[in-house]
Structure formats: C-alpha cells, structure tokens
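Student: Please find the sequence and the predicted model below.
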Amino acid sequence: MFSVSNVSKHFGEVRAVDDASFSIAEPQMVGIIGRSGAGKSTLLRVLNRLADATSGEVWVEGEDILSFKGARKREWQSNCAMIFQQFNLVPRLDVLTNVLLGRLNKHRTIPSLFKLFSAKERLDALMALDRLGISSIALQRVETLSGGQQQRVAIARALVQKPQIVLADEPIASLDPLNAKIVMESLRDIHDTDGLTVICNLHTLDTARQFCDRVIGMSEGRIVFDGKADNLTTEVAKSIYGASEDFEESMTSTAIGSDNNKPSREDLQIKELSTVDA
Ligand SMILES: Nc1ncnc2c1ncn2[C@@H]1O[C@H](COP(=O)(O)OP(=O)(O)OP(=O)(O)O)[C@@H](O)[C@H]1O
Ligand SMILES: [Mg+2]
C-alpha cells in the first residue's frame, strides 16, 4: 500500500505540486501525464526524497516516508529506484560497474568498486543486463553506448537495487521510437514479472494508454484526472493539457503507439524478458 496524502511542494509563489493525493493498493503500472511545468518531476522527486515536500504525507507500509531522516531516508531511496530522462550513469565507467552502483546504498561503507561487491552482486548485475538483452556489452564503457542502451543499463541498475517501487521520470523522452518501445516494454515487464509498482512520467498520451493500467493527469500542480487508461478520452486529455479547441492528440504523440509498421520484438532481436529469471 502506497498512499500519497495532500502532498504539496511550493517554490516561492509557484505551487509545483498542489495538494496531491492518490493511493496504490496493489502493484500497478501508473503513468503521470501533463504539459511541461505541470509538476510531474517535482512529484516524483518528492516521492523519492530528492526534494522535501512543503506539506503532506506519503504512507508506505504504515510509515510516513516523508518523515524519514538520515539512514532511514537513504534506505527509502534505495528501496525506491529512480530512472531519469538523461540516464544519470557514469560515462567513463563500464556497464557492469554502473549497474553495481545500484548496490551502493546497500553497503554500510562505500566499497572499492572492484573488490567489495560480492560475487552474488556481480552475478545479479550480469543477470539484470541479460534480462535487458545487453549482457554482451557488460565491459563496454557507457560513453560508447547509444541512448537506448544507456537507458537499459539504468534500468538494470534499478533492478539490482531490488527496489519496492520504481519511479521513472520521462524515461523515453531522449530516445527514438524503437528504443522508446524497448524501454517501455522493459518497465512494463518489471511490473508484470516482478510485481512492482512502476510510476512513470510521460509526455505523451499514446504511450500512457499503451503501457499503463492507470493514468494520473496533472495540471498546474494539481491532479486533475486519475483513472483507467481506457477512460482517457480526448475530452479528458484536453482538460489535462489545458488545450484549446484545436487540440489534437497527435500534438502529444510519439510514434511508438501509433505506427502500424512498427517492428516486432523479433525484429528488434531482443530477448524475451520474461523467460529470464531475475
Ligand atoms: N528547483 C526549482 N526551483 C524553482 N522552481 C522549480 C524548481 N523545480 C521545479 N520548479 C517549478 O515547478 C513547476 C513544476 O516543474 P516540474 O519540473 O515538476 O514540471 P514537469 O511537469 O516535470 O515539466 P516537464 O514536462 O517540462 O518536465 C514549474 O513551474 C517549475 O518551473
Ligand atoms: Mg519533468
């Protein structure tokens, strides 16, 4: 159970998040949509404790995680994996080491990168890469990878954290449609196979409809829609995006949900994610 209760985050006069409340009773794949500046990133940052809320509570298993300080706050952050638009990897380090960095918060002291990660941790990291279909590049430096590969490394890093929940802030905004599809399918698989809640900020309606069970629409910091992706009609979308009469959904569209000629998984030659044990 995950319950966001009257959470606000103000920056001076700006109400970036304004009295947001929602609950997630069972693991769900949730998309948060809204125009630029609606407060999507700020909400995720508050949930992950990267930013402090101005007011409100977030209840997880009977505890208000917004009240956590010090070691408990770090523990929450390690249980709450975060995936970013710009990947946030260390470019000069190899893929495997970047994935192992997801284990850092689980160590009491900062381990020397090569010596103190256990064999089990290294195996887990390799298996996470294998699950994402990129184990063959484990020893390659991250700076040599494509954006799509980098985001899959970031997802593998999130997996080795063994998180309770995964937050993704515009994970596909920097990717081409093909890689966007792979990344969204990987996030969906984390929900389907591992039974985790995944909350994903998305710019585009079609992606939310295609991959999410539930969609939360934000406008000017407020939650203005919360429901099944199927109920996200064009009228509702207009209200979320505060759009004028000439609003067309294609304005919020990427190609991944709308292209009939999109390649199949076989074309992409990626592994069936669900056949690999976590
Ligand atoms: N650190 C900050 N200091 C001051 N204002 C901020 C800060 N972070 C966000 N804001 C403001 O809060 C509001 C919400 O921003 P936020 O980044 O959460 O929106 P968003 O929905 O993620 O937008 P985008 O789709 O462009 O990423 C905006 O008005 C923004 O300018
Ligand atoms: Mg944002």
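Tutor: That came in fine, so what should we check first? Ligands and ions are numbered 1, 2, ... in the order given.
Student: Every contact and neighbour count from this point should use C-alpha atoms.
Tutor: Fine.
Student: What segments of the chain are strands?
Tutor: For the chain, the strands defined by DSSP state E cover 2-11, 14-24, 29-33, 55-60, 63-64, 80-84, 165-169, 197-201, 214-219, 222-228.
Student: Now render the ones you listed as TSV, adding mean neighbour count and mean pLDDT.
Tutor: Listed next are those as TSV, based on neighbours: other C-alpha atoms under 10 Å; pLDDT from 0 to 100:
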stretch	mean neighbour count	mean pLDDT
strand 2-11	18	97
strand 14-24	18	98
strand 29-33	27	97
strand 55-60	18	97
strand 63-64	14	96
strand 80-84	22	95
strand 165-169	23	97
strand 197-201	27	97
strand 214-219	25	96
strand 222-228	18	96
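Student: could you redo these as TSV and give each row distance to ligand 1?
Tutor: Below are the strands of the chain laid out as TSV (distance: least, C-alpha to the nearest ligand atom, whole Å):
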stretch	distance to ligand 1
strand 2-11	5
strand 14-24	4
strand 29-33	8
strand 55-60	15
strand 63-64	22
strand 80-84	11
strand 165-169	8
strand 197-201	8
strand 214-219	8
strand 222-228	10
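Student: right, and the ones you listed - which one's nearest Gly147?
Tutor: Of all those, it is strand 80-84 that lies closest to Gly147, at 11.9 Å by C-alpha to C-alpha.
Student: Just want the angle from the closest one to strand 197-201.
Tutor: 30 degrees (axes from the mean of the first three to the mean of the last three C-alpha atoms, to 10 degrees).
Student: Which strands border strand 80-84, and is each parallel or antiparallel?
Tutor: Neighbouring strands of strand 80-84 in its sheet, by DSSP bridges, are strand 165-169 (parallel).
Student: Next, the residues that contact the strand it pairs with from outside, please.
Tutor: 40-41, 44, 48, 79-85, 158, 196-202 (C-alpha atoms under 8 Å, 6 or more residues apart in numbering).
Student: do the same with stretch 140-160
Tutor: With contact meaning C-alpha under 8 Å, 6+ apart, stretch 140-160 is reached by 81-83, 87-95, 98-103, 121, 124-125, 128-129, 132, 134, 166, 171, 174-176, 179-180, 182-183, 187.
Student: Could I get the CA-only coordinates of it as PDB?
Tutor: Provided in PDB are the C-alpha atoms of stretch 140-160 (Å, rounded to 0.1, in the frame of the first residue of the first chain):
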ATOM      1  CA  GLN A 140      32.000  -1.600 -22.600                       C
ATOM      2  CA  ARG A 141      32.300   2.000 -21.400                       C
ATOM      3  CA  VAL A 142      28.900   3.600 -21.000                       C
ATOM      4  CA  GLU A 143      30.000   6.700 -23.000                       C
ATOM      5  CA  THR A 144      30.300   4.400 -26.100                       C
ATOM      6  CA  LEU A 145      26.600   3.300 -25.900                       C
ATOM      7  CA  SER A 146      23.500   4.500 -27.700                       C
ATOM      8  CA  GLY A 147      20.800   6.300 -25.700                       C
ATOM      9  CA  GLY A 148      18.600   3.200 -25.800                       C
ATOM     10  CA  GLN A 149      21.400   1.000 -24.500                       C
ATOM     11  CA  GLN A 150      22.200   3.500 -21.700                       C
ATOM     12  CA  GLN A 151      18.600   3.600 -20.500                       C
ATOM     13  CA  ARG A 152      18.600  -0.200 -20.400                       C
ATOM     14  CA  VAL A 153      21.800   0.000 -18.200                       C
ATOM     15  CA  ALA A 154      19.900   2.400 -16.000                       C
ATOM     16  CA  ILE A 155      17.000   0.000 -15.700                       C
ATOM     17  CA  ALA A 156      19.400  -2.900 -14.900                       C
ATOM     18  CA  ARG A 157      21.000  -0.600 -12.200                       C
ATOM     19  CA  ALA A 158      17.500   0.000 -10.800                       C
ATOM     20  CA  LEU A 159      16.800  -3.800 -10.800                       C
ATOM     21  CA  VAL A 160      19.900  -4.700  -8.700                       C
END
